[in-house]
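Undergrad: below are the sequence and a predicted model for it; my questions follow.
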Amino acid sequence: MLPTRVVLSLVAVAVVAAACSGALTSSVPPPVTRPTTTVTIAVDRNATSSGWVPVSFGDVQISVPATWDITFGCPTGPGSVYLGSATKDFCPLEVSVNTVVLATATSASFPSASPGVVNHIPIEWLNPSDTAMQVPSLDASVDATGPLAGEVLGTLTYSPRAVTLAPGASPSVPRSWYRVSFGGLSAAVPRSWPVEHQADWSLGCSPINLSLSEQQVLLSLGTTELAPSCPDLSSSNLSLPTYHDGLVIDPGPYGPIPADASFGPCLHIHRLRVCPTTTDAYGVLVLSIHVPGATRPVAVEIGLAGSGITARTILDSLRAG
C-alpha cells in the first residue's frame, strides 16, 4: 500500500521567531476601508469527518485524522503535520507516511496545470493524476499521495482567518456580550470568558504553544519579557492543538509582534488602523492596532476557532477607549 503524503503550503511559518517580542516599528501598508457587502466565503465545517480535526494556517484549512501529530523532524507516528518545514524532503520514504506540510506557497510555473474546483474553491491541478494542486486565491498549494490523499484533498476549505478578514459586514454583537477596555482599546467579548491580567509577556517554546490555551481574555502590560529555556524541536512530535476563541491585548514594548514583522493590507475599523501580520502564530490572528493619538501600536491576538464568526465579531467591535 502506498504511503499517504500530503503537502499544504501557505504563509511562512516564522512562528517561533514571531512569538518573540520587540518594538512595533515595522512599516505597514496604508489602510483600506472594509466593504460592507455580504461575506461570500465560509469555513465548510462539514468537510471535517468524524474522527478528524481541522488544521488551518493562513487562509487555508484542511482536516486530518485526530491521531496525527505536529512534527519538527521525520514523522514516527500514524501521521504528522509540518509547520512550514521542508524537513520532510530529507526523511526516508519509509517513515514519510501520512504527512501534511504547511509552508509558503510555491512560485514555480507548472505548464501542465489544469483548472479545477474543490469545495467551491478554484484550484489548479499540477499533475495528470490530480494529487497536487495550487490554490492561487489563498496563496497555498497541496501535494498528496497515498491511500488517504483523496480524502485529505477533499477537506480543503477556507480557514477561520480568511473568514475573519474577508470583506463584508460582520454579525451584530450579541446582547449577552460586554466590553472590556485595556491599553487604549475596547472590544466586545462573551461575558462567560474569564479575564486574566499579567505584567510580563511570556514567550512559548513551540509554534503551537498558543497564548490562548482556552477561551479567555488575556490583558498583558508587556513591560518585560519572559523567555524560557526551550528544548530542540528538530525531532519533536507534539499533539495536534485545539483551536480556541479568545482575545489578547498587549500595549507594552514586548508582545506577540516581532520588530521585523511583515503586514498585510491594513483595515480602517472605527477610526483605528488595524494591520494583520502575515506571519501569524498558529491558530491566532495577530494585529498591530494604531490608536489615534497613541505613540505606540497595541498588539492584539484574536483566537481563530470554528467558523471564524466569533473572531470576526470581536475584530469589528474594536474601538479606541
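TA: That came in fine, so what should we check first?

Undergrad: distance check, residue 295 against residue 259.
TA: For residue 295, the distance to residue 259 (CB to CB, to the nearest Å) stands at 16 Å. All C-beta spots, glycine's among them, are computed from the backbone N, C-alpha and C.

Undergrad: the more surrounded of those two?
TA: Set residue 295 next to residue 259 and count neighbours by other CB atoms under 10 Å: residue 259 wins out with 11 against 5.

Undergrad: so in the chain, which helix runs the longest?
TA: Determined from DSSP state H, the single longest helix within the chain is helix 309-317.

Undergrad: show me what it is packed up against.
TA: With contacts defined as 3 or more CB pairs under 8 Å, 6 or more residues apart in numbering; DSSP states H and E, the packing partners of helix 309-317 are helix 160-165, strand 185-190, strand 284-290, strand 298-303.

Undergrad: please repeat the previous calculation with a cut-off of 6 Å.
TA: Packing partners of helix 309-317 (3 or more CB pairs under 6 Å, 6 or more residues apart in numbering; DSSP states H and E): helix 160-165, strand 185-190.

Undergrad: assign residue 276 to helix, strand or coil.
TA: Following DSSP: H, G, I helix; E, B strand; the rest coil, the label given to residue 276 is strand.

Undergrad: correct me if wrong: it contacts residue 287.
TA: Yes. If you go by CB atoms under 6 Å, residue 276 and residue 287 touch, sitting 5.4 Å apart.

Undergrad: low pLDDT regions in the stretch 201-321 of the chain?
TA: 204-211, 231-235, 281 (pLDDT under 70).

Undergrad: pLDDT at the residue nearest to residue 68 when sequence neighbours are not counted, what is it?
TA: Nearest residue to residue 68, sequence neighbours excluded (CB to CB, 6 or more residues apart in numbering): residue 79, at 3.5 Å. pLDDT recorded at residue 79 is 79.

Undergrad: that older thread, just put the helices and strands packed on helix 309-317 in CSV and tack on distance to residue 266, mean pLDDT and mean neighbour count.
TA: Output for the helices and strands packed on helix 309-317, formatted as CSV (distance: least, CB to CB, whole Å; pLDDT from 0 to 100; neighbours: other CB atoms under 10 Å):
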stretch, distance to residue 266, mean pLDDT, mean neighbour count
helix 160-165, 11, 94, 24
strand 185-190, 16, 97, 20
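
Undergrad: so for residue 133, which of those sits nearest?
TA: Closest approach to residue 133 among the helices and strands packed on helix 309-317 (CB to CB): helix 160-165, 17.0 Å.

Undergrad: and that closest one, what does it pack against?
TA: helix 309-317.

Undergrad: the helix it packs on to strand 298-303, inter-axis angle?
TA: 160 degrees (axes from the mean of the first three to the mean of the last three CA atoms, to 10 degrees).

Undergrad: what's in contact with the strand or helix carrying residue 238?
TA: Using DSSP states H and E, residue 238 maps to strand 237-239. Outside strand 237-239, the residues within contact range by CB atoms under 6 Å, 6 or more residues apart in numbering are 69-71.

Undergrad: and which of those is nearest residue 213?
TA: residue 70 (15.3 Å).

Undergrad: you'd agree the closest one is up against residue 81?
TA: Yes. Here residue 70 reaches residue 81: they are 5.2 Å apart, a contact under CB under 6 Å.
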